[in-house]
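> fold the following.
(one chain, ligands or ions: 1)
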Amino acid sequence: MTSFLVIELESTQATRPGTVLGDTLRRYWVPAFRSGLLPEPDGEAKAVVLLGERLVAFRNTSGRVGLMDEFCPHRRASLAYGRVENDSIYCIYHAWRLDVDARVLECPGERNPALFAKRIKHKGYPTREQDGALSLYQLISPLFAELMSSQSMSIPSPGPVGACTKPWASILMGSASP
Ligand code: FES
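Next up is the predicted model:
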C-alpha cells in the first residue's frame with residue numbers, strides 16, 4: 001500500500017507560484033528533501049509539499065527522480081498513489097503514463113493515444129542529486145537547470161554529511177553564487 005508522506009518545507013502562501021517570493025525562489029536550486037525518501041528504483045511515489053505546491057516525487061527504474069504536479073493531467077487523481085515501473089509512473093485511475101520529465105507517454109482509451117499524449121503538458125521540475133552533504137537534497141529549478149548542467153554554476157559542498165549546521169536558506173544562497 002502506498003504510504004502518503006507529506007513534507008512541509010517553508011510551505012507558506014507566500015512561496016506559492018505567482019507570488020514575488022515564490023517566483024524568485026523558483027529561479028534557484030532549492031533543497032527539497034533527503035534522497036533517502038526515495039531509497040530504491042520503482043519504489044513508492046511520495047507526495048511532497050514544497051514552496052506551497054503539492055508535488056509528487058518518484059524514482060524510476062533507471063534511478064532518476066521525477067518531481068511534478070501531484071495531480072494527474074487527465075482527471076486530477078493524485079499521482080502519489082500511482083504505480084512506478086517501466087521508467088515511469090502510471091496514474092492509478094485510468095493508467096496514463098508519465099516519465100520523470102513530466103512528459104505524458106501514454107493515454108490509454110483515447111482515440112489516437114500517441115498523438116494525444118504529445119499534446120498534453122504536465123508541470124514538472126528538473127531534479128538534481130549530488131554526492132556529499134548535498135546529496136541529501138533534491139533540487140528544483142525550472143529556469144536554471146540548463147545553467148547547472150552546463151557547469152557554469154556549481155553547488156558548494158557544506159561539509160561532511162551531518163556536519164552542516166547552516167540553515168537551508170544559507171545553503172541556497174551559496175548555491176546561487178556563480
Ligand atoms: S485521472 Fe489519471 S489517468 Fe485519468
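> up against the ligand, what does this structure have?
Counting by C-beta under 6 Å from any ligand atom, the positions of the chain adjacent to the ligand are 72, 74-75, 77, 91, 93-94, 96. Glycine gets a C-beta too; all of them are placed from N, C-alpha and C.
> TSV for the residues you listed, including pLDDT?
Listed next are the residues of the chain next to the ligand as TSV, based on pLDDT from 0 to 100:
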residue	pLDDT
72	97
74	95
75	95
77	97
91	98
93	96
94	95
96	95
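> next, format those residues as a markdown table and append distance to residue 28.
Listed next are the residues of the chain next to the ligand as a markdown table, based on distance: C-beta to C-beta, whole Å:
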| residue | distance to residue 28 |
| --- | --- |
| 72 | 28 |
| 74 | 31 |
| 75 | 33 |
| 77 | 31 |
| 91 | 30 |
| 93 | 34 |
| 94 | 36 |
| 96 | 31 |
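> and the longest strand along the chain, average pLDDT?
When the chain is parsed with DSSP state E, its longest strand is strand 53-59. What strand 53-59 shows for mean pLDDT is 93.
> run me through the strand neighbours of it, direction for each.
Note on strand 53-59: by DSSP bridges, its sheet partners are strand 46-50 (antiparallel), strand 65-69 (antiparallel).
> go through stretch 102-121 and flag the buried ones.
102-107, 110, 113, 117, 120 (16 or more other C-beta atoms under 10 Å).
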